[in-house]
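Engineer: this one's sequence-less:
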Ligand SMILES: Nc1ncnc2c1ncn2[C@@H]1O[C@H](COP(=O)(O)OP(=O)(O)OP(=O)(O)O)[C@@H](O)[C@H]1O
């Protein structure tokens with residue numbers, strides 16, 4: 001049984017006449033890593049700022065762990081790391097973390113203990129008494145994340161946490177997040193315009209474009225929905241196999257190359273069920289049978305291509321794809 005910890009209903013934000021976030025329905029499951037993905041200007045930061053209570057909504061509702069978005073109770077549940085942190089020029093890393101810990105309601109003693117624990121976790125202990133303003137972007141990002149974790153939040157909201165980082169720092173941060181989710185049942189909402197790196201860690205995803213949600217759901221369900229039904233098959237006689245498959249009206253296309261028969265079908269399960277009978281009838285030996293797995297990146301590309309053609313996707317379609325199982 002999974003619970004929804006973040007939920008929005010018709011959430012909307014207008015800046016003057018411009019609708020930055022347009023009537024979005026979004027669900028995030030407790031204990032999941034949820035990718036919030038869309039191109040630049042899609043409305044990710046605006047949505048996040050409403051969720052953390054930094055922006056007033058124009059209309060709609062949002063709840064965080066059962067509390068109204070923006071309320072003190074909801075804010076206490078959240079740790080937030082902005083895309084770019086502002087550091088006070090004179091503050092050292094430890095002072096910055098303790099200051100933020102106290103702002104989040106910790107006693108000085110607890111804030112100090114927690115700050116040193118987090119510096120250790122992010123391998124930043126040697127820099128405790130140095131000033132973050134002078135750090136590299138990777139080091140600044142680690143301090144920003146440590147700040148977001150200082151009050152042991154239930155929900156961590158990260159705006160572009162790995163933007164402008166080298167691959168090693170990205171993997172380091174991703175690993176720490178993975179560890180936290182596993183150990184503390186933390187829910188993580190990560191916004192990014194790059195899907196490939198998120199693909200490794202996210203359980204769920206929301207795709208947003210031009211202020212509207214295009215897709216919201218669990219990765220496996222989404223992948224199944226977009227399942228292409230493309231198979232690579234190799235047998236002792238590929239010519240014979242492709243001739244036979246070509247005769248079947250539920251097979252859309254068969255392409256034979258030297259070693260492989262590529263098969264396209266809208267009925268992938270039927271092919272999986274029947275392939276052994278087909279081979280037996282033809283007296284063929286199976287050498288390879290692979291279903292091409294669709295990547296999240298391909299889904300992203302196909303969804304945004306569709307979005308471009310349609311300008312926007314209407315609400316009925318959004319409801320059809322908004323299915324994070326409760
Ligand atoms: N304070 C504001 N006043 C007016 N327009 C704004 C304001 N903040 C954001 N916008 C506009 O709202 C839209 C969504 O911006 P937002 O920053 O939420 O996008 P984003 O998906 O986070 O993009 P990025 O990945 O570039 O950060 C953009 O067109 C942006 O120009």
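Structural biologist: Done, it's in. If you're wondering where the values come from, they're calculated on a predicted model, not measured in any experiment.
Engineer: show me the contacts for residue 150.
Structural biologist: 79, 97, 100, 101, 104, 106, 111, 114, 115, 118 (CB atoms under 8 Å, 6 or more residues apart in numbering). C-betas here are computed from N, CA, C, even on glycine.
Engineer: Which one (most neighbours) among these?
Structural biologist: residue 97 (27 neighbours; other CB atoms under 10 Å).
Engineer: And whichever helix or strand that residue is part of, what does it pack against?
Structural biologist: Per DSSP states H and E, residue 97 falls inside helix 93-103. In this structure, helix 93-103 packs against helix 108-121, helix 137-149, with contacts taken as 3 or more CB pairs under 8 Å, 6 or more residues apart in numbering; DSSP states H and E.
Engineer: So in that sheet, which strands flank the helix or strand just after the shortest one, and in what orientation?
Structural biologist: Secondary structure here is assigned by DSSP H and E; on that basis, the next helix or strand after helix 137-149 toward the C-terminus is strand 155-159. For strand 155-159, the paired strands and their directions (DSSP bridges) are strand 78-81 (parallel), strand 187-192 (parallel).
Engineer: winner for burial among those strands?
Structural biologist: Scoring the strands paired with strand 155-159 by mean neighbour count under mean count of other CB atoms under 10 Å gives strand 187-192 as the most buried, with a mean of 24.
Engineer: same question for it, mean pLDDT?
Structural biologist: The average pLDDT for strand 187-192 rounds to 93.
Engineer: what does stretch 96-105 give?
Structural biologist: 92.
Engineer: try stretch 108-118
Structural biologist: On average, stretch 108-118 scores 96.
Engineer: still on that earlier bit, from the helices and strands packed on helix 93-103, which stretch is densest packed?
Structural biologist: Of the helices and strands packed on helix 93-103, helix 137-149 is the most buried (mean count of other CB under 10 Å), at a mean of 22.
Engineer: Could you dump the helices and strands packed on helix 93-103 into JSON lines with distance to residue 270 added?
Structural biologist: Output for the helices and strands packed on helix 93-103, formatted as JSON lines (distance: least, CB to CB, whole Å):
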{"stretch": "helix 108-121", "distance to residue 270": "50"}
{"stretch": "helix 137-149", "distance to residue 270": "47"}
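Engineer: and of the ones you listed, who's closest to residue 202?
Structural biologist: Closest approach to residue 202 among the helices and strands packed on helix 93-103 (CB to CB): helix 137-149, 17.1 Å.
Engineer: the helices in the stretch 151-300 of the chain, which residues?
Structural biologist: Ranges of helices in the stretch 151-300 of the chain, per DSSP state H, counting those that start in this stretch, are 167-184, 219-225, 238-246, 268-282, 296-310.
Engineer: Among the ones you listed, which comes closest to residue 209?
Structural biologist: Per CB to CB, nearest to residue 209 of these: helix 296-310, 5.0 Å.
Engineer: Let's test this: mean pLDDT of that closest one, rounded?
Structural biologist: Mean predicted confidence for helix 296-310 is 65.
Engineer: swap in stretch 46-66?
Structural biologist: Here the average pLDDT along stretch 46-66 is 96.
Engineer: That stretch near the ligand anywhere?
Structural biologist: Yes: with CB under 6 Å from any ligand atom as the measure, stretch 46-66 is seen reaching the ligand through residue 46.
Engineer: And that stretch, how far out from the chain middle?
Structural biologist: 19 Å (CA atoms, centre = their mean, to the nearest Å).
Engineer: Start and end of that stretch, how far apart?
Structural biologist: 21 Å (CA to CA, to the nearest Å).
Engineer: Identify each buried residue in that stretch, please.
Structural biologist: Within stretch 46-66, the residues scored as buried using 16 or more other CB atoms under 10 Å are 46-53, 55, 57, 60, 62-65.
Engineer: ok, back up a step: weakest of the helices of the stretch 151-300 of the chain by average pLDDT?
Structural biologist: helix 296-310 (a mean of 65).
Engineer: Can you read off the pLDDT for the residue most central in space within the chain?
Structural biologist: The chain has residue 35 as the residue nearest its centroid, 1.3 Å off, counting by CA atoms, centre = their mean. For residue 35, the pLDDT comes out at 93.
Engineer: so who does it touch?
Structural biologist: 190, 192, 195, 198, 202, 204, 205, 206.
Engineer: Return the member of these nearest to residue 295.
Structural biologist: The closest of these, once distances to residue 295 are taken by CB to CB, is residue 195, at 8.5 Å.
Engineer: Tell me, how many residues neighbour the closest one?
Structural biologist: Residues near residue 195, counting by other CB under 10 Å: 20.
Engineer: got it, and the one 4 residues further on?
Structural biologist: Residue 199 sits with 17 neighbouring residues when counted by other CB under 10 Å.
Engineer: dump the residue contacts of the residue of the stretch 51-200 of the chain found nearest the ligand.
Structural biologist: Closest contact between the stretch 51-200 of the chain and the ligand, by CB to the nearest ligand atom, is at residue 193 (5.0 Å). Applying CB under 8 Å, 6+ apart to residue 193 gives the contacts 37, 38, 39, 40, 42, 44, 160.
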